[in-house]
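Trainee: sharing a model that was predicted from the sequence below.
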Amino acid sequence: MQEEEDMIGEWIANRRQELGMTQEELAKQVFVSVQAVSQWENGRTMPDVNNYPRIADALQIPISELFDDLEKKPNWVIRDQMFSDSHMYTRLKTIAQMEHLEQTYHALSYAQKMHDGVLRKPNKFNRNAKVPYIFHPLMMACHAHAIGIRDDKVLAVCMLHDVCEDCGVLPKELPFPEEIQHAVALLTKKKGQKTKEYYDGIASNSVASIVKALDRCNNVSTMAASFSREKLIAYVDETEKYVYPLLNHIKEHDLEYNDQVFVIKYHLMSLIETIKAMIID
């Protein structure tokens, strides 16, 4: 019984925090005291069954979730980040030095400076998560290198692909060669630009194409913890309509990435099919 009380209380607390709701606000909507909500969340008592409909309404969920799903939910922790950003940075810096990747070396420092202090959107299970935004491009560059991509331009663009969109820098202002500026420009979606036009532009450039594939793979790998159901559906639709064809285009026109495309597509499709099954369920 105590285990069930703990589980229900923890679930209510997580959902309340996910909605940005205080205990006072929940108590007011359920017509109970703040102390009652606190006792539920601390596992000391369980809500009266008559309060379940109001709790479900306040937490914006079907009442069935309170009755049917609680016992099935494991007490897992959703990781804010899978690896250490400082370790990835050091790893890439060492790789750039050892493999004489001049642009990658420069891009690491530049991206870190431009994204300094910027935090990624927290996951919906932990609103207090503070993950540096630089984690995303670092993960992309590490992923690229780990699957055998050694191209200096590709690794540099992995680090730079969000700088223009997020930091207010024009591609031509980037202190990098023109071919890197061009790839970043293609990856930076312009205001009002149609999605098809955006992906057609990316497909015209081999560096932009493989970086976009890596970008989508990384985003899909982490999106379940931060995306709403509606955004998940939109992201799955876009991936199937535009990213899968882009991967096929890379395979046909950039033969040096044939193995990498297979790994990325396998990773991406596995995640997408799992997400689809969860949404449909």
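Mentor: Received, thanks.
Trainee: residue most distant from the centroid, the protein?
Mentor: The outermost residue of the chain relative to its centre, with distances by CA atoms, centre = their mean, is residue 50 at 38.3 Å.
Trainee: so residue 47, which state does it fall into?
Mentor: Judged by DSSP: H, G, I helix; E, B strand; the rest coil, the three-state class of residue 47 is coil.
Trainee: how about it, nearest residue that isn't a chain neighbour?
Mentor: Ranked by CB to CB, 6 or more residues apart in numbering and with sequence neighbours excluded, the top spatial neighbour of residue 47 is residue 40, at 5.6 Å. The C-beta positions use only the backbone N, C-alpha and C, and glycine is treated the same way.
Trainee: and the next element down the chain from the helix-or-strand element of the chain with minimal mean pLDDT?
Mentor: Using mean pLDDT, DSSP states H and E, the weakest-scoring helix or strand in the chain turns out to be helix 63-64, at a mean of 71. Beyond helix 63-64 on the C-terminal side, the first helix or strand identified by DSSP states H and E is helix 85-98.
Trainee: related to what we said a few turns ago, verify the stated contact: the residue nearest to residue 47 with residue 51.
Mentor: No. Contact criterion CB atoms under 8 Å: residue 40 and residue 51 do not qualify, at 9.2 Å.
Trainee: higher neighbour count, the two?
Mentor: Taking neighbours as other CB atoms under 10 Å, residue 40 and residue 51 compare with residue 40 leading, 27 against 17.
Trainee: the more buried one: which element?
Mentor: helix 34-41.
Trainee: mind listing the shared neighbours of residue 40 and residue 51?
Mentor: Shared contacts of residue 40 and residue 51 (CB atoms under 8 Å, 6 or more residues apart in numbering): none.
Trainee: sketch out the low-pLDDT regions of the stretch 51-200 of the chain for me.
Mentor: 64-78, 80, 121-129 (pLDDT under 70).
Trainee: go through the protein and flag its longest helix.
Mentor: The helix that spans the most residues within the chain, counting by DSSP state H, is helix 258-280.
Trainee: what average pLDDT does it get?
Mentor: For helix 258-280, mean pLDDT is 91.
Trainee: in that helix, which residues are buried?
Mentor: Residues 260, 261, 264, 265, 267, 268, 271, 272, 275 are the ones in helix 258-280 that count as buried (16 or more other CB atoms under 10 Å).
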